[in-house]
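Participant: predicted model follows, preceded by the sequence.
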Amino acid sequence: MIWVTWRQFRAQALAGLALLAAAAIGFLVTGLGMHHSYAADLAACAPLHACDGATPAARALGAQFSQLQRSYEPMFELLQLLVIAVPAMIGIFWGAPLIGRELETGTHELAWNQTVTRTRWLAVKLTVVGIAAIAAAAMLSWLLTWWAGPLDQLNGNRWAAMTFASRDIVPLGYAAFAFALGTTLGLLLRRTLPAMALTLAVFVAVQILVPTLVRPHLLPSTTTTFAINEATTSQFHDFRGTQTDFHFDLPTPRGAWLTSQPPVLNSSGQVVRIDDYPDCFPDVPGDVPDVGRIGACLAKDNLHETVTYQPASHYWPLQWMETGIFLLLAGALAGTCFWWIRRRQN
């Protein structure tokens, strides 16, 4: 049965292996050059204690780091998108046709009339192709995590939706889920093309909904409230406002994931507007606001702003939790396949 599965799957497997090899070569060729440049810049600033940007020499080196980021930014975004897209491709081209094509063409009848049981037939297919899917996602995830290491250090943000979803172990869970989803839809719909289209639609919806509705709530967040006055606003990074509200960019611990930053509120919890304080904001459009002066002007009204974030220490727990959720979903979908096969047999 394993040999038969390999014979049926070998075209997709060889194509995937060729693409994986090409991707690995691309990662290694471009990544080695970037890592060398980053190490050279880092070695130049470390002896001068100039990596913090506080001296002219440090600012010059900081410009080199910025140039490194700009040089690799388009490739950075493209490779992240590639790693996120691979599980979807696995679900579409490996999962959906795995059973759906056999049911569509009727070749399953030949397999089911042999000595191999339907349950074993399905188990072998799911195991062989599922392991290949997870292995492919693991290799690409590892390559990207290594390749983007210098850029992740410079960006200081591992929490962006595409970054989190394309790093470390989460892509393995996505690959298992997408493969099981495609297989299940192919089994239930009995048509390959509709199963492929629906697999893509569901996977895209999951990629949109999970970072916004699920991931921020898997672990308790940390919430901090700042009073708006001269002492606190002088530590804020920036100020942004519209006709309806305004807020300051509040400081969070390094490596934290900012999940919520509501506008400035008054003591009653109501949103305040720039128009409510015409004396506190510059009148000339385009002026760079002095946030310290604005804070001193606003201090008399007891305004405050709240920031909610996931600390950096939650990164790996959330990686494991999200991976576990998708592995459980993949297991539930595989269980659905076995239930359907047994029900059909009965």
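Facilitator: Yep, that arrived.
Participant: residues of the helix or strand harbouring L154 that come out buried?
Facilitator: Per DSSP states H and E, L154 falls inside helix 149-155. Neighbour counts over helix 149-155 (16 or more other CB atoms under 10 Å) mark 150-151, 154 as buried. Just so you know, the C-beta spots here come from the backbone N, C-alpha and C atoms, and that holds for glycine as well.
Participant: okay, now the domains of this structure?
Facilitator: Under the assignment automatic domain parsing, the domains of the chain span 2-216, 222-313.
Participant: lowest-confidence stretch among the ones you listed?
Facilitator: Here those differ in mean pLDDT, and the lowest is domain 222-313 at a mean of 79.
Participant: need the distance between the two termini of that domain.
Facilitator: One end of domain 222-313 to the other measures 12 Å (CA to CA, to the nearest Å).
Participant: what about the strands in the stretch 151-300 of the chain?
Facilitator: Along the stretch 151-300 of the chain, counting by DSSP state E, counting those that start in this stretch, strands occupy 222-227, 239-241, 246-248, 257-260.
Participant: just send the ones you listed back as JSON lines, with mean neighbour count and distance to W142 too.
Facilitator: Formatted as JSON lines, those follow (neighbours: other CB atoms under 10 Å; distance: least, CB to CB, whole Å):
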{"stretch": "strand 222-227", "mean neighbour count": "14", "distance to W142": "31"}
{"stretch": "strand 239-241", "mean neighbour count": "16", "distance to W142": "38"}
{"stretch": "strand 246-248", "mean neighbour count": "23", "distance to W142": "39"}
{"stretch": "strand 257-260", "mean neighbour count": "16", "distance to W142": "23"}
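Participant: now render those as TSV, adding distance to Q69.
Facilitator: Formatted as TSV, the strands of the stretch 151-300 of the chain follow (distance: least, CB to CB, whole Å):
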stretch	distance to Q69
strand 222-227	28
strand 239-241	23
strand 246-248	26
strand 257-260	20
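Participant: and R190, which of the ones you listed is closest to it?
Facilitator: strand 257-260 (42.3 Å; CB to CB).
Participant: just the C-alpha atoms of that closest one, please, in PDB.
Facilitator: The C-alpha atoms that make up strand 257-260 are tabulated as PDB, following Å, rounded to 0.1, in the frame of the first residue of the first chain:
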ATOM      1  CA  TRP A 257       3.400  42.800  20.800                       C
ATOM      2  CA  LEU A 258       1.200  45.900  20.900                       C
ATOM      3  CA  THR A 259      -2.400  44.500  20.600                       C
ATOM      4  CA  SER A 260      -4.500  47.600  21.500                       C
END
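Participant: so for A132, which of the strands of the stretch 151-300 of the chain sits nearest?
Facilitator: strand 257-260 (32.8 Å).
Participant: those helices in the stretch 201-346 of the chain, which residues are they?
Facilitator: 230-233, 291-298, 315-345 (DSSP state H, counting those that start in this stretch).
Participant: tell me which of those helices is the most buried.
Facilitator: Among the helices of the stretch 201-346 of the chain, helix 291-298 has the highest mean neighbour count (mean count of other CB atoms under 10 Å), at a mean of 20.
Participant: just the residues contacting it, thanks.
Facilitator: 228-234, 236, 238-239, 248, 264, 277, 279-281 (CB atoms under 8 Å, 6 or more residues apart in numbering).
Participant: got the angle between that helix and strand 222-227?
Facilitator: With axes from the mean of the first three to the mean of the last three CA atoms, to 10 degrees applied, the angle from helix 291-298 to strand 222-227 works out at 70 degrees.
Participant: on that earlier part again, for E104, find the nearest of the helices of the stretch 201-346 of the chain.
Facilitator: Once the helices of the stretch 201-346 of the chain are compared by CB to CB, helix 315-345 is nearest, at 15.2 Å.
Participant: remind me what that closest one packs against, helices and strands.
Facilitator: Helices and strands touching helix 315-345, as assessed by 3 or more CB pairs under 8 Å, 6 or more residues apart in numbering; DSSP states H and E, comprise helix 118-147, helix 170-189.
Participant: change it to 10 Å
Facilitator: Contacting helix 315-345 under the criterion 3 or more CB pairs under 10 Å, 6 or more residues apart in numbering; DSSP states H and E are the following elements: helix 96-105, helix 108-112, helix 118-147, helix 161-165, helix 170-189.
Participant: wait, what's in contact with the closest residue to F281 other than its chain neighbours?
Facilitator: Among residues not flanking F281 along the chain, I274 sits closest, at 5.5 Å (CB to CB, 6 or more residues apart in numbering). If you count contacts by CB atoms under 10 Å, 6 or more residues apart in numbering, I274 has them with 241-246, 264, 280-281, 294.
Participant: ok so, going back, tell me the one of the contacts of helix 291-298 nearest V170?
Facilitator: Looking across those and measuring by CB to CB, the closest to V170 is D238, at 30.6 Å.
Participant: circling back to that earlier point, just name the most buried of the domains of the chain.
Facilitator: For the domains of the chain, the highest mean count by mean count of other CB under 10 Å goes to domain 2-216, at a mean of 17.
Participant: mind putting the helices of the stretch 201-346 of the chain into CSV with distance to A15?
Facilitator: Listed next are the helices of the stretch 201-346 of the chain as CSV, based on distance: least, CB to CB, whole Å:
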stretch, distance to A15
helix 230-233, 57
helix 291-298, 55
helix 315-345, 23
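Participant: out of those helices, which gets nearest to L82?
Facilitator: helix 315-345 (19.0 Å).
Participant: give me the contact list for stretch 335-346.
Facilitator: Counting by CB under 10 Å, 6+ apart, 98-99, 108, 112, 117-119, 121-123, 125-126, 180, 183-184, 186-188 sit against stretch 335-346.
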